[in-house]
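>>> predicted model and sequence below, questions to follow.
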Amino acid sequence: MVPLRVGPLTARTAHLCIDMQNLFAEDTPWHTPWMARVRPVVASIAERHAERTIFTRFIPPQRADGAPGAWRRYFARWRALTREHLDPRLLDLVPPVAALTPPAACIDKSVYSPFAAPPLLNLLRRRGADSLVVTGAETDVRVLAAVMDAVDLGFRVVLAVDALCSASDRTHEALLTLYRERFSEQIETADAETILACWL
């Protein structure tokens, strides 16, 4: 096993798991087929460090015309996935990770990045977190938004590559290449086994 480049992860590390929800796991227009494959890997990290895990949930608006700006056009396209039409169960976290809250925390968001609203950053600051292990969906959309905000905020970011998923192989691989080649000083990539072995 090759250790993490910047050194071991400490008690100041949080696990940020993006949008592992039934909405993306089940047969919906936003279905992410890989989620079934990465779910056990995500669970292995979350179970090992449940008290340091923060799950996020993407919560669509009640109605498309209630969304701000360009999101209104977006949700007009995906009207069936607004809350007025959606089975509320689809917004829940997938099993088995849903059973980890608590002690894991769960933060809802209405946009791609969980850092767009104060609760996540406030929680991380209260916990003294300086590093994030990132897992979840999708590598090239909501994970991308979270990772770039985390980099801008100065967090050490470690991506668990076998605990990320996308609906597109091509853009998933393109984003991993981007993270490795253009952000190598701020973003590390490793598999879950390595991350867990290096997390004190």
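That came through fine. Since the structure is predicted, the reported quantities are computational estimates derived from the model, not experimental observations.

>>> in this protein, where is pLDDT below threshold?
Filtered on pLDDT under 70, the chain yields the residue ranges 1-2.

>>> give me the buried positions along the helix or strand containing residue 173.
Here residue 173, judged by DSSP states H and E, is contained in helix 169-182. Neighbour counts over helix 169-182 (16 or more other Cβ atoms under 10 Å) mark 171-172, 175-176, 179 as buried. In this view, the C-beta of every residue, glycine as well, is placed from N, C-alpha and C.

>>> got it, and stretch 6-18?
Neighbour-count burial for stretch 6-18 flags 9, 13-18 (criterion: 16+ other Cβ under 10 Å).

>>> could you grab the helix/strand/coil label for residue 106?
Recorded secondary structure, residue 106: strand (DSSP: H, G, I helix; E, B strand; the rest coil).

>>> what about it, how many neighbours?
As a burial measure, residue 106 scores 17 neighbours (other Cβ atoms under 10 Å).

>>> repeat that for residue 104.
By the criterion of other Cβ under 10 Å, residue 104 has 21 neighbours.

>>> contacts only, for it.
Residue 104 makes contact with 46, 50-51, 53-55, 97 under the criterion Cβ atoms under 8 Å, 6 or more residues apart in numbering.

>>> could I get the phi/psi values of the residue lying closest to residue 56 once chain neighbours are set aside?
Nearest residue to residue 56, sequence neighbours excluded (Cβ to Cβ, 6 or more residues apart in numbering): residue 114, at 4.4 Å. Main-chain torsions, residue 114, degrees, to the nearest 10: phi -70, psi -10.

>>> now do the strands in the protein.
13-18, 53-58, 105-109, 131-137, 156-165, 187-190 (DSSP state E).

>>> and the shortest one, what does it pack against?
Judged by 3 or more Cβ pairs under 8 Å, 6 or more residues apart in numbering; DSSP states H and E, the packing partners of strand 187-190 are strand 156-165, helix 169-182.

>>> now the fifth one
Taking 3+ Cβ pairs under 8 Å, 6+ apart as the contact definition, the neighbouring helices and strands of strand 156-165 are helix 35-48, strand 131-137, helix 142-152, helix 169-182, strand 187-190, helix 192-197.

>>> could you redo the last one with a cut-off of 10 Å?
Applying 3 or more Cβ pairs under 10 Å, 6 or more residues apart in numbering; DSSP states H and E, we find strand 156-165 packed against strand 13-18, helix 35-48, strand 131-137, helix 142-152, helix 169-182, strand 187-190, helix 192-197.

>>> and for the second one?
Under the contact criterion of 3+ Cβ pairs under 10 Å, 6+ apart, the helices and strands touching strand 53-58 comprise strand 13-18, helix 22-25, helix 35-48, strand 105-109, helix 118-126, strand 131-137, helix 142-152.

>>> in the longest one, what counts as buried?
Within helix 35-48, the residues scored as buried using 16+ other Cβ under 10 Å are 35, 38-39, 41-46.

>>> residue farthest from the centroid of this protein?
Here the chain reaches farthest from its C-alpha mean at residue 65, the gap being 26.7 Å by Cα atoms, centre = their mean.

>>> with that, I have no additional questions.
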